[in-house]
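Novice: sequence-free structure coming up:
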């Protein structure tokens with residue numbers, strides 16, 4: 001069990017026993033660790049103590065974020081979290097849509113490199129064309145993750161190798177974000193999907209929005225359901241931050257790559273911003 005698996009097990013335990021407000025020793029016991037060791041592992045992963053981290057997963061915290069960001073989250077100038085560990089906000093992530101010629105016939109004309117890597121939220125599969133990242137997904141099961149990539153591009157020429165595009169992108173998960181240059185995404189999608197994914201890129205790290213707010217941001221305020229579908233079809237985990245979209249009630253809601261992982265990501269990002 002790696003550190004993320006231990007964190008995920010602890011979060012699941014907290015969810016199941018929330019009303020009892022479990023103490024550190026209870027969380028540690030759930031992952032078969034001493035309280036001291038668990039606190040150290042957790043703090044190294046999140047940058048804050050388990051107790052502080054739990055505050056970022058409460059309904060109250062989510063509602064406060066939604067309240068403060070209601071009018072500003074999609075404005076051009078983001079006022080919160082732009083310094084220090086908010087470095088990710090400064091990143092320029094550029095989406096280039098694939099042409100019909102590139103993705104027709106199952107991507108027959110595409111050469112795609114792919115590799116597996118570790119992230120703070122578990123193993124991931126990352127894939128790239130010569131123009132940018134075309135797919136990134138959490139890979140709890142490597143075979144299933146690879147089959148998903150193949151299903152998206154059944155006739156593309158796939159090569160298992162780590163290229164410079166992938167290496168640059170993976171700096172987003174490390175303490176070497178200063179080495180990160182512009183990230184380019186090369187995506188297959190409808191005009192509406194691409195519009196929703198570009199709007200997601202405007203949600204700063206440590207902030208949250210709702211499906212209704214996202215629909216308004218793409219000038220289609222009545223299309224919350226269609227927006228939700230486009231969010232669920234996001235082909236690039238974490239980089240396009242679909243995990244930052246929650247229900248208007250403040251509940252975090254579901255996530256394509258697992259509800260506990262969504263909790264972990266939201267809490268981890270809040271911790272980075274509020275250190």
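Specialist: In hand now; what should we look at? Since this is a predicted model, take the numbers as computed values, not measurements.

Novice: Which parts of the stretch 151-275 of the chain are helices?
Specialist: With DSSP state H, counting those that start in this stretch, the ranges of helices along the stretch 151-275 of the chain come out as 164-170, 191-200, 211-217, 224-232, 259-274.

Novice: would you turn the ones you listed into a markdown table with mean pLDDT and mean neighbour count?
Specialist: C-betas here are computed from N, CA, C, even on glycine. Listed next are the helices of the stretch 151-275 of the chain as a markdown table, based on pLDDT from 0 to 100; neighbours: other C-beta atoms under 10 Å:
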| stretch | mean pLDDT | mean neighbour count |
| --- | --- | --- |
| helix 164-170 | 92 | 18 |
| helix 191-200 | 94 | 19 |
| helix 211-217 | 92 | 20 |
| helix 224-232 | 94 | 18 |
| helix 259-274 | 91 | 21 |
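
Novice: so which of these comes closest to residue 66?
Specialist: Evaluated over the helices of the stretch 151-275 of the chain, closeness to residue 66 peaks at helix 211-217, with 8.1 Å, by C-beta to C-beta.

Novice: The closest one - contacts with which helices or strands?
Specialist: Here helix 211-217 touches helix 191-200, helix 224-232, going by 3 or more C-beta pairs under 8 Å, 6 or more residues apart in numbering; DSSP states H and E.

Novice: Distance to residue 55 added to those, as a markdown table?
Specialist: Output for the helices and strands packed on helix 211-217, formatted as a markdown table (distance: least, C-beta to C-beta, whole Å):
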| stretch | distance to residue 55 |
| --- | --- |
| helix 191-200 | 25 |
| helix 224-232 | 26 |
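
Novice: Nearest to residue 157, out of those helices?
Specialist: It's helix 191-200; of these, that one is closest to residue 157 (C-beta to C-beta) at 24.4 Å.

Novice: So which residues lie in contact with that closest one, not counting its own?
Specialist: With C-beta atoms under 8 Å, 6 or more residues apart in numbering as the contact definition, helix 191-200 has outside contacts at 74, 95, 97, 187, 189, 214, 217-218, 226-227, 230-231, 233-234, 236, 240-242, 244-245.
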